[in-house]
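Student: this one's structure only:
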């Protein structure tokens, strides 16, 4: 379970699909994986909050995005 304030100890990765034409532009999303959860935050404003969801829901979300991308 994700606990508020735990985000500093997570290993954050920036999405390879984030950004625009250059460094520092566009929308940037970072994800981190914990024990049974996936956390998501805005890399430009990490202090504004973290969305944490159960790992199974994250995987379902990604599957839906990938399926939509092929449609």
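Tutor: Nice, thanks for sending it over. Just so it is clear, the model here is predicted, and its values are computed rather than measured.
Student: contacts only, for residue 29.
Tutor: 14, 15, 18, 40, 41, 42, 43 (C-beta atoms under 8 Å, 6 or more residues apart in numbering). Any C-beta I mention is one placed from the backbone N, CA and C, and that applies to glycine too.
Student: same deal with residue 33?
Tutor: Residue 33 touches 10, 11, 39, 55, counting by C-beta under 8 Å, 6+ apart.
Student: go on, residue 31?
Tutor: 12, 13, 15, 38, 39, 40.
Student: turn the residues you listed into CSV, including neighbour count.
Tutor: Below are those laid out as CSV (neighbours: other C-beta atoms under 10 Å):
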residue, neighbour count
12, 16
13, 12
15, 13
38, 20
39, 19
40, 17
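Student: min pLDDT across those, which one?
Tutor: Among those, residue 15 carries the weakest pLDDT, at 71.
Student: ok, it touching residue 32?
Tutor: No - in this structure residue 15 lies outside contact range of residue 32 using C-beta atoms under 8 Å: 11.7 Å.
Student: what pairs with the helix or strand bottoming out on mean pLDDT in the chain, parallel or antiparallel?
Tutor: In the chain, the helix or strand scored least confidently by mean pLDDT, DSSP states H and E is strand 13-14, which has a mean of 88. In the sheet, strand 13-14 lines up against strand 29-34 (antiparallel) (DSSP bridges).
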